[in-house]
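Peer 1: Just need the structure, nothing else, for what follows:
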Amino acid sequence: MKNFTALFILSIGILATEAGVAQAAIVTRTFSNLVLDATQPGGGKYNLDLDLNGTTDFTFENFYSNDPAFILGFAQTKVPFGSNNGVVIDFQDNSGFPPARLLNAGAVVGPASLFSNSNDTVNLYSSDPFIGPTGNFGGKRGFLGLRFVSGGQLLYGFADIAVNDLNSAKPFDLTIFSASYETIAGQGAVVAVPEPATGVILLLGILGAALVHRTRKRTSPI
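Peer 2: Just a heads-up that it's a prediction; the model follows:
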């Protein structure tokens with residue numbers, strides 16, 4: 001696995017409530033050169049700690065063998081066994097290997113989404129001599145819906161990933177571009193491409209408004 005650096009982007013929105021003003025936020029981690037090499041000994045593996053609390057939330061794995069007698073490859077993800085974490089899937093069956101759903105921008109990941117179980121290994125893309133290629137991410141870039149527990153609260157998010165197909169120069173290599181989550185417990189996350197500039201501008205606007213309010217309060221006559 002190549003070296004990578006993580007950058008943190010905080011996009012902040014305002015949610016008005018009768019009790020006052022609450023802040024909603026999508027937290028995004030973007031990665032540079034986070035590519036899992038499927039041909040390295042034992043395959044590639046990356047443990048994603050989405051909220052940086054010291055525990056693994058999702059594990060990404062891939063492998064490829066081009067042995068003419070048995071060509072095999074896969075890219076997959078799973079969650080800690082017994083956890084309430086999950087990945088958005090197309091359907092649930094008894095195979096324990098459900099297909100991950102490829103989401104597009106604008107999709108909502110939330111309570112109504114269908115998630116994998118903690119004992120599932122979710123198929124991003126795989127191929128073997130018996131059934132051939134399966135999975136929605138082969139040769140494509142798209143979003144993977146996520147659900148995980150942080151601080152006892154259920155949060156929703158998504159990861160921007162791509163998997164090379166069987167006919168590429170580097171079959172089954174898995175790239176993770178970014179991972180995001182909504183910080184308000186139980187609230188669905190709207191899938192979107194990270195836009196750092198928008199978040200920074202909005203944050204500065206909020207801080208500026210707070211400063212103006214504080215200044216007016218100090219200068220108001222008693």
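
Peer 1: what about Thr183, neighbour count?
Peer 2: 18 (other CB atoms under 10 Å). Backbone N, C-alpha and C define where each C-beta goes, glycine included.

Peer 1: Give the closest residue to it in space, chain neighbours not counted.
Peer 2: In space, and not counting its chain neighbours, Thr183 is closest to Ala25: 4.6 Å by CB to CB, 6 or more residues apart in numbering.

Peer 1: Is that neighbour part of a helix or strand, or is it coil?
Peer 2: Of the three states, Ala25 takes strand according to DSSP: H, G, I helix; E, B strand; the rest coil.

Peer 1: in the sheet, who's paired with it?
Peer 2: Ala25 has these beta-bridge partners by DSSP bridges: Ile12.

Peer 1: Which pLDDT value goes with it?
Peer 2: pLDDT recorded at Ala25 is 90.

Peer 1: now swap in Ile14 and tell me
Peer 2: The model's pLDDT for Ile14 equals 36.

Peer 1: try Phe143
Peer 2: pLDDT, Phe143: 98.

Peer 1: and it, how many neighbours?
Peer 2: That count, for Phe143 with other CB under 10 Å as the rule, works out to 25.

Peer 1: which secondary element of this protein has the worst mean pLDDT?
Peer 2: strand 5-17 (a mean of 40; mean pLDDT, DSSP states H and E).

Peer 1: residues near the residue nearest to Thr183, how many?
Peer 2: 17.

Peer 1: if I look at it, how far off is Gly188?
Peer 2: 14 Å (CB to CB, to the nearest Å).

Peer 1: Enumerate every residue touching the residue nearest to the spatial centre of the chain.
Peer 2: Nearest to the mean C-alpha position of the chain, by CA atoms, centre = their mean, lies Ala159 at 2.3 Å. Shown in contact with Ala159 (CB atoms under 8 Å, 6 or more residues apart in numbering): Leu48, Phe58, Phe143, Leu144, Leu146, Ile176, Ser178, Ala179, Ser180.

Peer 1: Make sure the second one is actually in contact with Lys78.
Peer 2: Put plainly, it is Phe58. Yes - in this structure, Phe58 is within contact of Lys78 by CB atoms under 8 Å, at 7.5 Å.

Peer 1: out of those two, which sits in the busier spot?
Peer 2: Phe58 (26 against 17).

Peer 1: For Ser168, see how far away the more buried one is.
Peer 2: Applying CB to CB to Phe58 and Ser168 gives a distance of 24 Å.
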